[in-house]
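*Asks:* Provided below are the primary sequence and the corresponding predicted coordinates.
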Amino acid sequence: YCMIGLGVIAGHFMGGIKNSSHCRVTGLVSGHREKAERIAAQYGVPSGSIYDYSNMDEIAKNQEIDAVYVALPNSMHAEYTIRSAKAGKHVLCEKPMCTTVSDAESMIAACKAAKVKLMIAYRCHYEPLHLKAMSIIREGHLGTVQSMSSDFGFTGHAGEWRLDKTLD
């Protein structure tokens, strides 16, 4: 994977990659060169596989990159998914897919045209606890379920991109 964006969510993803025998980090895209170099050293990514947002299209030439992980603010998902598809790379894009229906359609069209796969990182349907809860309900262990309520959230802190409406 080439990681596009090196924030908190990318850190979680790269931590998972460390525990996998099926994939590895092979490229980085960041607006912060020093941060990218530090992360590259941790994951064995050569300096020639570090890109910034202006030259990330060069990933097309990097045969070590099979796929990208788009871990950017929501409003940037469409642009970097489309650019990655045009570079011939499969795309795993963080959720939500994008901020408009037309962006979603453009992302799908770009990936189809490039014959690359597009997947949105919506993990809930793979979460062990969710699968167990569905199994308990489907097997009738709770009787007839008439309604259900669920919440998921996190705490936002001052200065985080999620609190900037132009990026969300």
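*Replies:* Arrived safely, thanks for sending.

*Asks:* what residues sit buried inside the lowest-mean-pLDDT helix or strand in the chain?
*Replies:* Ranking every helix and strand in the chain by mean pLDDT, DSSP states H and E puts helix 128-138 at the bottom, with a mean of 90. Within helix 128-138, no residue qualifies as buried by neighbour count (16 or more other Cβ atoms under 10 Å). No exception for glycine: its C-beta is placed from N, CA and C like everyone else's.

*Asks:* please name every helix or strand in contact with that helix.
*Replies:* Contacts defined by 3 or more Cβ pairs under 8 Å, 6 or more residues apart in numbering; DSSP states H and E place helix 128-138 against no helix or strand at all.

*Asks:* tell me which residues are up against that helix.
*Replies:* With contacts defined as Cβ atoms under 8 Å, 6 or more residues apart in numbering, helix 128-138 is touched by C124, L142, V145.

*Asks:* and what of stretch 44-60?
*Replies:* Under the contact criterion Cβ under 8 Å, 6+ apart, stretch 44-60 has outside partners 2, 4, 24-31, 33, 36-37, 39-40, 62, 64-65, 68, 80, 83-84, 86-89.

*Asks:* put the buried members of these into a PyMOL selection.
*Replies:* Buried residues within the contacts of stretch 44-60, by 16+ other Cβ under 10 Å, are selected in PyMOL with:
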select buried, resi 2+4+25+26+27+28+29+30+36+39+40+62+65+68+80+83+84+87+89
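
*Asks:* which of the contacts of stretch 44-60 fall within helices?
*Replies:* Among the contacts of stretch 44-60, DSSP state H puts R33, A36, E37, I39, A40, Y80, R83, S84, K86 in helices.

*Asks:* contact partners for the third one?
*Replies:* Put plainly, it is E37. Contacts for E37 (Cβ under 8 Å, 6+ apart) come out as S47, I50.

*Asks:* make 37 the first number, not 1, from now on.
*Replies:* Let's use 37 as the start, then, which means that last one is E73.

*Asks:* counting neighbours, what do you get for H161?
*Replies:* By other Cβ atoms under 10 Å, 8 other residues sit near H161.
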